[in-house]
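J.: what's the 3D shape of this:
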Amino acid sequence: MKTVIIGGVAGGASAAARLRRLDELAEIIILERGEYISFANCGLPYYIGDVITNKNNLTLQTPESFKSRFNIDVRVNNEAIKINPNAKTVTVKDLKSGKLYTESYDNLILSPGAEPIRPNIDGINSDFIFTLRNIPNMIKIKEYIGIAKPKSAVVIGGGYIGVEMAENLKKAGLEVSIVELTNHLIAPLDFDIAADMHRYIKSKGIRLYLNNGVKAIDGNTIILQNGEINADMIILSVGVRPETEFAQKCGIQTNPRGSIIVDKNMKTNIPYIYAVGDAVEVEDFVTKSPVFIPLAGPANKQGRIAADNIAGINSQYTGTQGSAILKIFDMTVAATGINEKNAKASGIDYDKVYIYSGSHAAYYPNANNMSIKALWDKKTLKILGAQIVGFDGVDKRIDVLAVAIRLGAQITDLAKLELCYAPPFGSAKDPVNMIGFVAENVITEKIKQFFWHDVENLPYDGSVTLLDVRTTTEVQRGKIDGFINIPLDSLRERIGEIPKDKPVYVHCHSGLRSYIACRILMGNGYECFNLAGGWRLYESVINEKTVPEYICIECK
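T.: All right, here's what the predicted structure looks like:
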């Protein structure tokens, strides 16, 4: 049996290695258009920032190592330009010699990946504009910085690669700005959770131009929808599109975006042809809708599944939930499942909680709080998604939540989890448990919530009581106008000052003390609503909504 694999990075290389492990006698050929196979895309920005100093460390396998270990014929600089499904052949161009040849197959796996999008705007092809998708791109950027000595850079696009590039260009000594068309960085996040990240990034001296797009590039001037920026170099990071034109020409079915449509076995509509990785349409694990989520983890799994099916194992891909994580300087940003925007678009009746919990026991040195948001389906109570911004401990919490979503857990199940605890690593009530506790209180109506986006619409006509239970010192540092201050520890003594015939809307710093206040009030016959996430979340979001987007703290 002979299998030809087009594309030798994540999905293709994984398929090849898996197939060899399953079938020692199979003939396996990888055709890779580029110079490198099985390289670490996600590590490329860190070479530019000198975090990774040896570029060879980014190459996980070479054609020689693949041959010696797996007996796989890897042909770099060989581009598949045509597929003939009837003859079961691929026409290949040797990019060094220019010669064409034909390769037959019994099974064909397509893993061509995706290419960076270049917007159709004036000046987009200038010599100082770069994309980052592979090792040659990385080398080109690194050499430009070394030779041209640019002092400033603009990153167009605020996704994962764009933000990572901004950090590493800053570490390389450049003044850096990010331009993003939407109102926040990192699309899987909601604005309220992204607000903490915005503030932190600006504190590092990176300028943010949000809700802003690029109209044209004129020399070193980037003309925005609102304003202009000058820069010595530009990184384009506005997304990718599947590289599937050659596949479409042979009748392989794609969606309007160009993503190859596959079934759960990674089979295309043409027999004996499979497709994996960034080039395929996948099913969103939560919503069951078709989506485009180009991530390395899913690509590797899909390659393995395609190989299984070729080897006679009925292996199925069950969907992508978009679990992803990002380091930005010392901050960690992570998400899994869907956000509020996706939930609304899918018509899901959902609820949400916010918590602000420590990475480990508060009494143990260097504990840092993390902002966590979790969503669940009101009908089934199943967890829909979660987002975390913080420092230490974000990674392990998002992984627990990702597993919970994959296994179909209800939000209240999080309260039951027995997670490891020692003061350097966590708390007896882990943040994941706390999500379950808070959600359980909401579901069982032990507490009613209102949110940061409800505050401006509260009645300020005296028909409700607005109560701030923080300390006097905290209130002096900032407050929500219209809220009276009765510190929590004085509430029982001063409860008579609060009219009993009016609903009470309460907030504290994070939502914990105001929850206690609500339980006191409800125990005394009051109707009470707790501000989810507290003053801390409200202030963070409102500040980011009102501060001009191009301001950075160090630049003031």
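
J.: what's the spacing between stretch 65-73 and its chain's center?
T.: Per Cα atoms, centre = their mean, to the nearest Å, the displacement of stretch 65-73 from the mean C-alpha position of its chain is 34 Å.

J.: Kindly apply the preceding question to stretch 468-479 instead.
T.: In terms of Cα atoms, centre = their mean, the centre of stretch 468-479 is set 35 Å apart from its chain centre.

J.: Pull out the buried positions in that stretch.
T.: Asp468, Val469, Arg470, Thr471, Glu474, Val475 (16 or more other Cβ atoms under 10 Å). Any C-beta I mention is one placed from the backbone N, CA and C, and that applies to glycine too.

J.: Quick check: mean pLDDT of it?
T.: If you average the pLDDT over stretch 468-479, you get 95.

J.: Same check on stretch 96-112?
T.: Model confidence over stretch 96-112, given as mean pLDDT, is 96.

J.: Now the closest residue in space to Thr465 that isn't next to it in sequence. Its backbone dihedrals?
T.: The shortest distance from Thr465 to any residue that is not its chain neighbour, by Cβ to Cβ, 6 or more residues apart in numbering, is 4.5 Å, and that residue is Val504. In terms of degrees, to the nearest 10, the main-chain angles of Val504 are phi -110, psi 130.

J.: Below-threshold pLDDT in the protein: ranges please.
T.: For the chain, the stretches with pLDDT under 70 are 545-556.

J.: Nearest to the spatial middle of it, which residue is it?
T.: Per Cα atoms, centre = their mean, the C-alpha nearest to the average position across the chain is that of Ala324, at 4.5 Å.

J.: Just the ones of the buried residues of stretch 468-479 in helices?
T.: Using DSSP state H, the members of the buried residues of stretch 468-479 that fall within helices are Glu474, Val475.

J.: Can you name the residues that contact Leu100?
T.: Residues counted as contacts of Leu100 (Cβ atoms under 8 Å, 6 or more residues apart in numbering) are Ile81, Thr91, Val92, Lys93, Asp94.

J.: Relative to Glu79, how far out is it?
T.: Going from Leu100 to Glu79 by Cβ to Cβ, to the nearest Å gives 10 Å.

J.: And for Asn300?
T.: 23 Å.

J.: cool, and Glu143?
T.: Computed with Cβ to Cβ, the distance linking Glu143 and Glu79 is 25 Å.

J.: out of the two, which sits in the more crowded spot?
T.: Regarding Glu143 and Glu79, a neighbour count based on other Cβ atoms under 10 Å identifies Glu79 as having more, with 17 against 10.

J.: Ile223 falls within a helix, correct?
T.: No: checked against DSSP: H, G, I helix; E, B strand; the rest coil, Ile223 lies outside a helix; its state is strand.

J.: ok, and the most crowded of the contacts of Leu100?
T.: Val92 (22 neighbours).

J.: Between the contacts of Leu100, which sits nearest Cys528?
T.: Within these, proximity to Cys528 (Cβ to Cβ) peaks at Ile81, which comes in at 68.0 Å.

J.: Starting from the host helix or strand of that closest one, tell me which strands it pairs with and how they run.
T.: With secondary structure defined by DSSP states H and E, Ile81 is part of strand 78-84. Here strand 78-84 has these sheet partners by DSSP bridges: strand 89-94 (antiparallel).

J.: Mind listing residues that contact the partner strand?
T.: Contact with strand 89-94 is made by 4, 6, 31, 75, 77-84, 99-105, 108, as judged by Cβ under 8 Å, 6+ apart.

J.: 7 Å instead?
T.: Residues from elsewhere that reach strand 89-94, judged by Cβ atoms under 7 Å, 6 or more residues apart in numbering: 4, 31, 77-83, 100-105, 108.

J.: can you check stretch 401-415 too?
T.: By Cβ under 7 Å, 6+ apart, the residues outside stretch 401-415 that reach it are 286, 321, 323, 336-337, 374, 376, 381-383, 386, 432-433, 435-437, 439-440, 443.

J.: now, which of the residues you listed lie within strands?
T.: Counting by DSSP state E, the members of these that fall within strands are Thr336, Gly337, Ala374, Trp376, Ile383, Ala386.

J.: Tell me the buried residues in the strand holding Ile81?
T.: Within strand 78-84, the residues that qualify as buried by neighbour count (16+ other Cβ under 10 Å) are Asn78, Glu79, Ala80, Ile83.

J.: what's around the nearest residue to Glu243 once chain neighbours are set aside, how many residues?
T.: For Glu243, ignoring the flanking residues on the chain, the nearest one in space by Cβ to Cβ, 6+ apart is Pro112 at 4.5 Å. For Pro112, the neighbour count with other Cβ under 10 Å is 27.

J.: Please save the CA atoms from stretch 317-329 in CSV.
T.: In CSV, the C-alpha atoms belonging to stretch 317-329 read as follows (Å, rounded to 0.1, in the frame of the first residue of the first chain):
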residue,chain,number,x,y,z
TYR,A,317,-12.5,13.3,14.9
THR,A,318,-15.1,14.6,17.3
GLY,A,319,-14.7,18.3,16.9
THR,A,320,-12.5,21.3,17.9
GLN,A,321,-13.2,23.3,21.0
GLY,A,322,-10.5,25.9,20.4
SER,A,323,-8.4,25.4,23.5
ALA,A,324,-5.6,27.9,23.3
ILE,A,325,-3.1,29.7,25.5
LEU,A,326,-0.9,32.8,25.0
LYS,A,327,2.1,34.2,26.9
ILE,A,328,2.4,38.0,26.8
PHE,A,329,5.5,39.1,28.8
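
J.: before we move on, the earlier item: pick out the most distant pair among the ones in strands among the contacts of stretch 401-415.
T.: Taking every pair in these and measuring Cβ to Cβ, the maximum separation is 13.2 Å, between Thr336 and Trp376.

J.: Now Cys518: phi and psi?
T.: Recorded main-chain torsions at Cys518 are phi -60, psi -40, according to degrees, to the nearest 10.

J.: which residues sit in contact with it?
T.: Going by Cβ under 7 Å, 6+ apart, the list of residues near Cys518 reads Ile447, Val506, Cys528, Asn530.

J.: can you redo those residues as JSON lines with neighbour count, distance to Asn366 and secondary structure?
T.: As requested, the contacts of Cys518 are arranged in JSON lines below (neighbours: other Cβ atoms under 10 Å; distance: Cβ to Cβ, whole Å; DSSP: H, G, I helix; E, B strand; the rest coil):
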{"residue": "Ile447", "neighbour count": "22", "distance to Asn366": "31", "secondary structure": "coil"}
{"residue": "Val506", "neighbour count": "31", "distance to Asn366": "31", "secondary structure": "strand"}
{"residue": "Cys528", "neighbour count": "23", "distance to Asn366": "36", "secondary structure": "strand"}
{"residue": "Asn530", "neighbour count": "27", "distance to Asn366": "30", "secondary structure": "strand"}
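
J.: Return the member of the residues you listed nearest to Ile520.
T.: Distances from Ile520 to the contacts of Cys518, taken as Cβ to Cβ, are shortest for Cys528 (8.7 Å).

J.: State the three-state secondary structure for the closest residue to Asp122 other than its chain neighbours.
T.: What sits nearest to Asp122 in space, not counting adjacent residues and going by Cβ to Cβ, 6+ apart, is Ala216, at 4.1 Å. Using three-state DSSP, the structure places Ala216 in strand.
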